[in-house]
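# just to be clear, the model below is a prediction. Sequence and coordinates:
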Amino acid sequence: MKKILTTVAAVLVAVALLILLKNQYGSVFAGSTYGMPALLKQGKVDHLFIGSSMFRQGLDIDALEENLDGSVYILSYNGNQPVFMAKELEYLLENGLKVENLYIDFYAYTLTAVPWISDTKMFLDTDLAFKMDAWKTMTAHNKVGLKDFYEMFVTANNEQILMYPINNAIVSSQFRNGGSLLNMAGQTKEHLDTLDLGVRDGLFESQLAGYDRIVELADEYDINLLFIETPKYEKLLTDTREGSYSDMLKEMIDWAKASGAEYLLAENFEFDHAKGANFQDLIHLSGEGRADYCKKLAEYVAK
């Protein structure tokens, strides 16, 4: 019996050690063409875009690199929220990344969500200290349990690690400097007009605090900062209901004005927000739409 208990204890210790090593050093298995580890290897970036799927689908790496002087990198995670964008930026800067110009996703609905990491790749890309800090933030705003902890610290990203050679080859072919090379097809106006994103209850103070922290870091590290709204389909823009996208965007603009933060709205460009082919859905651009938008964006930024 004693021998069995000793064996079980040894196995548990070994498993705990593997979990610890994975969460501290798992970033060595992260993608070589996108994510934070790939960016840190560059050491310096002239134009860094940090955002959610709005940036992944809405920014064209070809157009940006062609029209901007210097290096460009797009750091995007699905559902990325301001509170975690701030943590990502701080993590990158503390690990030695030099940034000249910074562009932050100005998407209203990410500020209406309770702080939570929906893209666990962020857990693969960072060390244990970052993960514990992120977990602390999530537990402060959500009811979490052992199942949530197990999924994030134990099972998340195991497939990417075990299948790294294959997974990295496939993923790396789809990205360059964090920018997606996949050209997603657009929709018809008739289809988009049937969609509805509903309304929200308001902006979370913790998310606004994330934006505040980004402003502080930009000032501290002498980084040029610009908040950018990618185009949204016209139905979303003309929705005047309380809690609608346009309503939440007004609150974000109020924050920017009060904070003295520079922001750039999609309406500042001559972009066809009513053209179905420019969009995958109400909020994500198609390949055609992002190429058109990013050419205009790059020209604006270059000036």
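Cool, got the structure.

# chain center to the strand or helix carrying residue 40: distance?
Secondary structure from DSSP states H and E places residue 40 in helix 36-42. Taking CA atoms, centre = their mean, to the nearest Å, the mean C-alpha location of helix 36-42 is offset from the chain mean by 15 Å.

# pull out the buried residues from it.
Under the neighbour-count criterion of 16 or more other CB atoms under 10 Å, helix 36-42 has 36, 37, 38, 39, 40 buried. Every C-beta, even on glycine, is put in place using the N, C-alpha and C of the backbone.

# quick one: low-confidence parts of this structure?
Applying pLDDT under 70 to the chain picks out residues 1, 3, 5-15.

# now do 80
1-19, 22, 303 (pLDDT under 80).

# those strands in it, which residues are they?
For the chain, the strands defined by DSSP state E occupy 44-51, 72-76, 98-105, 175-176, 179-180, 224-228, 263-264.

# okay if I get these as TSV plus distance to residue 298?
TSV is the format used below for the strands of the chain (distance: least, CB to CB, whole Å):
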stretch	distance to residue 298
strand 44-51	9
strand 72-76	9
strand 98-105	11
strand 175-176	16
strand 179-180	12
strand 224-228	11
strand 263-264	12
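
# which of the ones you listed sits most buried?
Of all the strands of the chain, strand 72-76 has the most neighbours on average by mean count of other CB atoms under 10 Å, namely a mean of 25.

# can you pull the contacts of the nearest residue to residue 24 once chain neighbours are set aside?
Take residue 24 and drop its neighbours on the chain: the residue closest to it by CB to CB, 6 or more residues apart in numbering is residue 128, 4.5 Å away. Shown in contact with residue 128 (CB atoms under 8 Å, 6 or more residues apart in numbering): 20, 23, 24.

# also residue 105?
Residues near residue 105 by CB under 8 Å, 6+ apart: 49, 50, 51, 52, 54, 55, 76, 80, 85, 227, 228, 230.

# list the beta-bridge partners for the closest residue to it other than its chain neighbours.
In space, and not counting its chain neighbours, residue 105 is closest to residue 51: 2.8 Å by CB to CB, 6+ apart. Residues in a beta bridge with residue 51, per DSSP bridges, are residue 76.

# surely residue 51 touches residue 85?
Yes. Here residue 51 reaches residue 85: they are 7.2 Å apart, a contact under CB atoms under 8 Å.

# overlap in contacts, the two.
Counting by CB under 8 Å, 6+ apart, the residues touching both residue 51 and residue 85 are 104, 105.

# so how far is residue 221 from residue 182?
32 Å (CB to CB, to the nearest Å).

# returning to that earlier point: out of the strands of the chain, flag the one nearest residue 277.
strand 179-180 (18.1 Å; CB to CB).

# summarise which helices and strands the closest one is packed against.
The helices and strands touching strand 179-180, judged by 3 or more CB pairs under 8 Å, 6 or more residues apart in numbering; DSSP states H and E, are helix 61-67, strand 72-76.

# quick check: which helices or strands does the longest one pack against?
What that stands for is helix 61-67. Packing contacts for helix 61-67, counted by 3+ CB pairs under 8 Å, 6+ apart, involve strand 72-76, strand 179-180, helix 287-302.

# reformat these as JSON lines; add distance to residue 193.
Shown next, in JSON lines, are the helices and strands packed on helix 61-67 (distance: least, CB to CB, whole Å):
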{"stretch": "strand 72-76", "distance to residue 193": "28"}
{"stretch": "strand 179-180", "distance to residue 193": "26"}
{"stretch": "helix 287-302", "distance to residue 193": "16"}
